[in-house]
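> Got a sequence here, can you model it:
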Amino acid sequence: MSTAQWLLMLHVASAFCFVGGSVAAGILNGLALRAGRPSEAAALLRLIRRVLPLIFAGVAGTLVFGIWLWHEQGYSIGAAWIWVSLVLWAVANALGGLGGRLQEHARELAERLAAEGDAPSPELSAALRDPAGLWMSYGAGVATLAILVLMIWRPGS
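Here you go, the predicted structure:
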């Protein structure tokens, strides 16, 4: 196998980690929204921490192997689809990180409420349904999907 083939394989594997981990975190967050008790929401939100290493490996790998592959394949420095993908990569990571901080706050609240009697709480419901956090998470997802479209379509190459 050539260097370019290895890099492509590692770049795609990293993308699977990034997207797969992000989807898993999104599903767990969605399930936490529907949880009946704070202990259930806390358990689901704690599971998101388990997929973070997968997401982080995917984030780092897509960037490192993608830029290396860009150089190895000899794509033009002015390849707009690559620059747009890099901007979307930064946007997805920024939004995902900010949304994750809000989810972490909701997890801490759920754990506290679970320890205080595990009764449903409007405060927890509001924290889980925080519009800013949801929009950040959805925005990160949309940016990630746009990256996938650009990486598959590669307009202009």
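
> use CA for all of it now, contacts and neighbours both
OK.

> out of everything not next to it in sequence, what's closest to residue 31?
Spatial nearest neighbour of residue 31, chain neighbours left out: residue 44 (7.1 Å); criterion: Cα to Cα, 6 or more residues apart in numbering.

> which SSE is that neighbour in?
Here residue 44, judged by DSSP states H and E, is contained in helix 38-73.

> now swap in residue 15 and tell me
helix 3-33.

> Compute the inter-axis angle for that helix and helix 38-73.
160 degrees (axes from the mean of the first three to the mean of the last three Cα atoms, to 10 degrees).

> tell me which residues in helix 3-33 are buried?
Buried residues in helix 3-33, counted by 16 or more other Cα atoms under 10 Å: 4, 7-8, 10-22, 24-26, 28-30, 32-33.

> tell me which strands and helices that helix is in contact with?
helix 38-73, helix 122-128, helix 131-153 (3 or more Cα pairs under 8 Å, 6 or more residues apart in numbering; DSSP states H and E).

> Centroid-nearest residue for this structure?
Nearest to the geometric centre of the chain sits residue 22, at 3.7 Å (Cα atoms, centre = their mean).

> Report the spatially closest residue to that residue, excluding sequence-adjacent ones.
Once flanking residues are discounted, residue 22 sits nearest to residue 55: 6.4 Å by Cα to Cα, 6+ apart.

> What residues does that neighbour make contact with?
Residue 55 makes contact with 17-22 under the criterion Cα atoms under 8 Å, 6 or more residues apart in numbering.

> How about residue 99?
132-134, 136-137 are the contacts of residue 99 under Cα under 8 Å, 6+ apart.

> So residue 128 is in contact with residue 33, correct?
Yes - with contact defined as Cα atoms under 8 Å, residue 128 counts as touching residue 33 (6.0 Å).

> and residue 155, what helix or strand is that in?
Going by DSSP H and E, residue 155 is not in any helix or strand.

> How many residues are close by residue 83?
By the measure other Cα atoms under 10 Å, the count of residues near residue 83 is 12.

> Residue 131 now?
Neighbours of residue 131 (other Cα under 10 Å): 11.

> Let's see the pLDDT reported for residue 155.
With respect to pLDDT, residue 155 has a value of 87.

> biggest separation within the contacts of residue 55, which pair?
Of all pairs drawn from the contacts of residue 55, the one with the longest distance (Cα to Cα) is 17 and 22, at 8.2 Å.
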